[in-house]
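In: need a structure here:
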Amino acid sequence: MYAIVDIAGQQFKVEKEKKIYVHHLQANEGDAIEFEKVLLIDNGEKDIKIGAPVLEGAKVTAKVLTHVKGDKVIVFKKKRRKGYKVKNGHRQQFTQIQIENIEG
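Out: Numbering: from 1, shown residues only. This is a model prediction of the structure:
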């Protein structure tokens, strides 16, 4: 059984007991959170529910495991023959969640 869920503006395919990384959520570690923007639910049988755009009454519950930073991305800008060089870095904030239940 899996579902397609909109979490923080991105769509994720989630299954029960799976761990995924999403963009930083404003929740403490150990908190239970619910996502109600469920776009699709597949039970593994011939029963596939598709929302238009979301399914009414469907929700996915998850538990926040930890907040982490992603790998560093280097941004290097240069203009040749002008003496212009700028080097910046960025590390994206992520939240690791574990899917606990999918209700359709």
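In: hmm, what's the outermost residue in the chain?
Out: Taking Cα atoms, centre = their mean, the residue of the chain most remote from its mean C-alpha position is Arg81, at 42.9 Å.
In: and that residue, how close does it get to Glu34?
Out: Distance, Arg81 to Glu34, using Cβ to Cβ, to the nearest Å: 56 Å. (Each C-beta comes from the backbone N, C-alpha and C, glycine too.)
In: repeat for Val14
Out: Counting by Cβ to Cβ - Val14 and Glu34 are separated by 13 Å.
In: so for these two, which residues contact both of them?
Out: By Cβ atoms under 8 Å, 6 or more residues apart in numbering, Val14 and Glu34 have these common neighbours: 60, 62.
In: who does the residue positioned nearest the centre of the chain bridge with?
Out: The residue lying closest to the centre of the chain (Cα atoms, centre = their mean) is Val22, at 3.0 Å. Assessed by DSSP bridges, Val22 has beta-bridge partners Thr95.
In: which stretches of the protein have low pLDDT?
Out: Of all residues in the chain, none has pLDDT under 70.
In: all the strands of it, residue numbers only.
Out: 2-7, 10-15, 19-23, 32-35, 38-42, 48-50, 59-79, 84-103 (DSSP state E).
In: ok, Asp31 - contacts?
Out: 63-64.
In: switch to 7 Å and redo it
Out: Val64 (Cβ atoms under 7 Å, 6 or more residues apart in numbering).
In: any idea how far Val60 is from Arg94?
Out: For the record, residue 94 is Phe, not Arg. 18 Å.
In: settle it for me: which of these two has more neighbours?
Out: Taking neighbours as other Cβ atoms under 10 Å, Phe94 and Val60 compare with Val60 leading, 25 against 17.
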